[in-house]
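Peer 1: Structure of the sequence below:
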Amino acid sequence: LESARVIELETMTPDELAERAKARYAKIRSEAMAFQNKFEALSAEERTDPKHEGDLTMYTEEALKQREALRDHPDVLHLLFKWWNSAKTYMDKDKSLSLDKDEYAAFYA
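Peer 2: Numbers count the residues shown, from 1 in each chain. The predicted structure is shown next:
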């Protein structure tokens, strides 16, 4: 998985990478704005619920570009690959190559 992702990124032109990042940025920004609109419709009491927290300053173009650069960084990909291998070994009890709800919940227990 890690190697395939790196190869895919290495074969993309700078324009393709920029277009990919632009599309992802637009989607994330749109979702953030939709959340902000929902938040504004909440009562004062509902806004204090931690599940409704959010900070649009984390969705500026600069912040998204920083996260985009990290998303495809070889060191990040390598560490995610190592994490997934550990998760498969120690948490994927049924060896399905995915974490079901109970396995996922156990991770956060």
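Peer 1: And the helices in this protein?
Peer 2: Assigned by DSSP state H, the chain shows helices spanning 2-11, 14-40, 44-47, 61-71, 74-90, 101-107.
Peer 1: Nearest the middle, which residue of this structure would you pick?
Peer 2: What sits nearest the mean C-alpha location of the chain, by C-alpha atoms, centre = their mean, is Arg71, with 8.2 Å.
Peer 1: and the gap between it and Arg24?
Peer 2: 8 Å (C-beta to C-beta, to the nearest Å). Placement of C-beta: from N, CA and C, glycine included.
Peer 1: One more: Asp49?
Peer 2: For Asp49, the distance to Arg24 - C-beta to C-beta - is 28 Å.
Peer 1: So those two - more neighbours on which side?
Peer 2: Using other C-beta atoms under 10 Å, the more surrounded residue of Asp49 and Arg24 is Arg24, with 14 against 9.
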